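Colleague: Provided below are the primary sequence and the corresponding predicted coordinates.
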Amino acid sequence: MCGVVNNGEIKLQKNSDIQAIPFLTKDIIRQEKENIYSVEHQKRGSRKNTSGGSTGEPVVFLQDRMYRINNSANFFLAQSWRGADPYDSIVKIWGAPRDTYEGKKPLIASIKDYFRSRIVLNNLMMSNSDMKRYIKILNKHKPKLIVAYAQSIYEIAKFAKANRIHVKKQNAIHTAAGPLYDFMRKEIGDVFQCEVFNHYGSREVGAIASECKAHDGLHIMMEHTLVEVLDESGRPCQPGEEGEIFVTTLNNYSMPIIRYKIGDIGIMQEYKKCSCGCTYPKLQEVTGRTTDLFKTINNSIVSGAYFIVVLFFRKGIKAYQVIQKRLDLIVVKIVKDGEVSKEDLLDIEEKIKIVMGQECNVVFEFVDSIPKTKTGKHLYTISEL
């Protein structure tokens with residue numbers, strides 16, 4: 001790292017200099033623990049936070065006062081792109097127990113929600129009666145902004161449509177905590193009759209990128225994070241090429257996160273002037289997690305999004321999850337809503353074998369439910385390799 005680290009300080013003359021710094025992984029953080037904390041982290045008002053743990057054991061991070069201020073500022077910026085000011089009314093449909101409170105809600109949280117004009121609804125367990133109640137709350141309050149897990153607001157939209165429940169026109173919806181696929185955006189937009197905005201962030205590094213009114217990619221929050229999209233060799237991908245996302249935080253001095261392998265796959269957009277006026281560069285899209293990538297016997301890579309398209313709009317399928325157990329074994333878990341035809345099952349198997357190989361075995365399992373992650377996310381695809 002000659003020329004990058006001088007007298008204990010990292011000095012970058014240009015963006016490409018950062019490539020001299022090795023990657024930071026979850027395993028390194030678990031192993032090093034306090035060794036990567038600042039000796040002054042307590043003076044900086046540091047607090048512990050954890051990753052969601054959807055890909056395994058959660059990782060513990062320190063985040064200080066300056067980080068929290070900057071992260072809030074970036075959320076308020078994204079909120080303004082949806083037409084909402086910092087103290088406008090919000091209904092938040094969220095899933096992490098840390099955010100939606102186990103048991104009695106702390107007094108300080110209730111006070112904060114009051115002054116922020118915010119109603120928080122738990123999506124960890126959403127029964128039909130819960131979804132009916134949430135729709136009533138949205139109809140009654142018509143908040144300036146709905147903030148929700150993409151999957152959760154999509155499930156509510158599907159439920160309302162299937163049960164012909166009247167939903168008043170809403171103002172805007174900010175989705176996060178998972179990919180917002182085109183079919184989800186359309187369903188949500190149709191039911192709630194408003195614009196749907198995609199937001200990308202994580203508990204580890206906060207806001208990373210967010211969609212503006214142009215709906216053409218996600219602006220990278222440049223004052224908060226530096227984002228790289230790299231190929232398997234660690235070289236920068238060209239705009240339009242899919243690669244792994246690495247994130248560097250710029251304002252968490254208590255535990256600097258540099259070139260962090262966050263576990264997501266995305267595409268950088270070629271720079272062009274955005275019609276919204278913002279000059280931040282963009283991610284074209286975040287296509288999924290590294291655990292969404294399936295491998296074939298011939299060592300080819302298949303995106304988990306392929307399987308979502310294959311199973312979507314199938315009669316009799318209420319929910320599903322596609323799991324790669326081995327190179328030659330795919331398990332498709334299905335929650336039925338009526339009968340699934342043999343023709344559909346054969347078609348699904350055939351389309352899976354087209355990309356995974358004819359020697360791949362496809363096994364269907366019909367289950368009563370598919371468990372969510374600890375933070376309330378539904379995973380459509382999982383590779384266990």
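Modeller: The structure has been received and is ready for your questions. This structure is a prediction, so every number in the text was calculated from the model and none was measured.
Colleague: please make it C-alpha for all contacts and neighbour counts, starting now.
Modeller: Fine.
Colleague: the helices in this protein, which residues?
Modeller: 26-32, 65-81, 97-100, 107-115, 128-141, 150-162, 182-192, 305-311, 342-356 (DSSP state H).
Colleague: next, format those helices as a markdown table and append distance to residue 237, mean pLDDT and mean neighbour count.
Modeller: Compiled in a markdown table, those are given as follows (distance: least, Cα to Cα, whole Å; pLDDT from 0 to 100; neighbours: other Cα atoms under 10 Å):
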| stretch | distance to residue 237 | mean pLDDT | mean neighbour count |
| --- | --- | --- | --- |
| helix 26-32 | 23 | 87 | 13 |
| helix 65-81 | 26 | 92 | 18 |
| helix 97-100 | 35 | 48 | 14 |
| helix 107-115 | 42 | 73 | 12 |
| helix 128-141 | 42 | 91 | 15 |
| helix 150-162 | 27 | 88 | 20 |
| helix 182-192 | 24 | 93 | 17 |
| helix 305-311 | 20 | 78 | 16 |
| helix 342-356 | 24 | 89 | 16 |
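Colleague: please parse this protein into its domains.
Modeller: Domains of the chain are assigned by automatic domain parsing as 5-291, 296-383.
Colleague: you'd agree residue 29 is up against residue 59?
Modeller: Yes - the pair residue 29 and residue 59 passes the contact test of Cα atoms under 8 Å, sitting 7.3 Å apart.
Colleague: quick one: low-confidence ranges for the stretch 151-300 of the chain?
Modeller: 290-293 (pLDDT under 70).
Colleague: tell me where it has strands.
Modeller: In the stretch 151-300 of the chain, the segments counted as strands under DSSP state E, counting those that start in this stretch are 172-176, 195-202, 206-211, 218-220, 225-230, 242-249, 260-268, 282-289, 293-295.
Colleague: what angle sits between the first one and helix 182-192?
Modeller: Same thing as strand 172-176. If you take axes from the mean of the first three to the mean of the last three Cα atoms, to 10 degrees, strand 172-176 sits at 150 degrees to helix 182-192.
Colleague: partner strands of strand 172-176, parallel or antiparallel?
Modeller: strand 145-149 (parallel), strand 195-202 (parallel) (DSSP bridges).
Colleague: same list (these) but as CSV, adding distance to residue 286.
Modeller: CSV is the format used below for these (distance: least, Cα to Cα, whole Å):
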stretch, distance to residue 286
strand 145-149, 15
strand 195-202, 8
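Colleague: make a markdown table out of the ones you listed and add distance to residue 165 and mean neighbour count.
Modeller: Listed next are the strands paired with strand 172-176 as a markdown table, based on distance: least, Cα to Cα, whole Å; neighbours: other Cα atoms under 10 Å:
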| stretch | distance to residue 165 | mean neighbour count |
| --- | --- | --- |
| strand 145-149 | 18 | 23 |
| strand 195-202 | 20 | 22 |
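Colleague: burial check on the nearest residue to residue 38 once chain neighbours are set aside, number of neighbours?
Modeller: Once flanking residues are discounted, residue 38 sits nearest to residue 254: 4.8 Å by Cα to Cα, 6 or more residues apart in numbering. Applying other Cα atoms under 10 Å, we find 25 residues neighbouring residue 254.
Colleague: surely residue 254 is in contact with residue 62?
Modeller: Yes - in this structure, residue 254 is within contact of residue 62 by Cα under 8 Å, at 6.4 Å.
Colleague: got any residues that touch both of those two?
Modeller: When contacts are counted by Cα atoms under 8 Å, 6 or more residues apart in numbering, residue 254 and residue 62 are jointly contacted by 37, 46.
Colleague: that older thread, OK, contacts around the residue nearest to residue 38?
Modeller: 37, 38, 39, 40, 41, 44, 46, 62, 63, 64.
Colleague: in space, what's closest to residue 297 - neighbours in sequence excluded?
Modeller: In space, residue 297 is closest to residue 327, 5.5 Å off (Cα to Cα, 6+ apart).
Colleague: neighbours of the one you found, how many?
Modeller: Residue 327, neighbours per other Cα under 10 Å, totals 20.
Colleague: tell me how far it lies from residue 349.
Modeller: Residue 327 sits at a distance of 15 Å from residue 349 (criterion: Cα to Cα, to the nearest Å).
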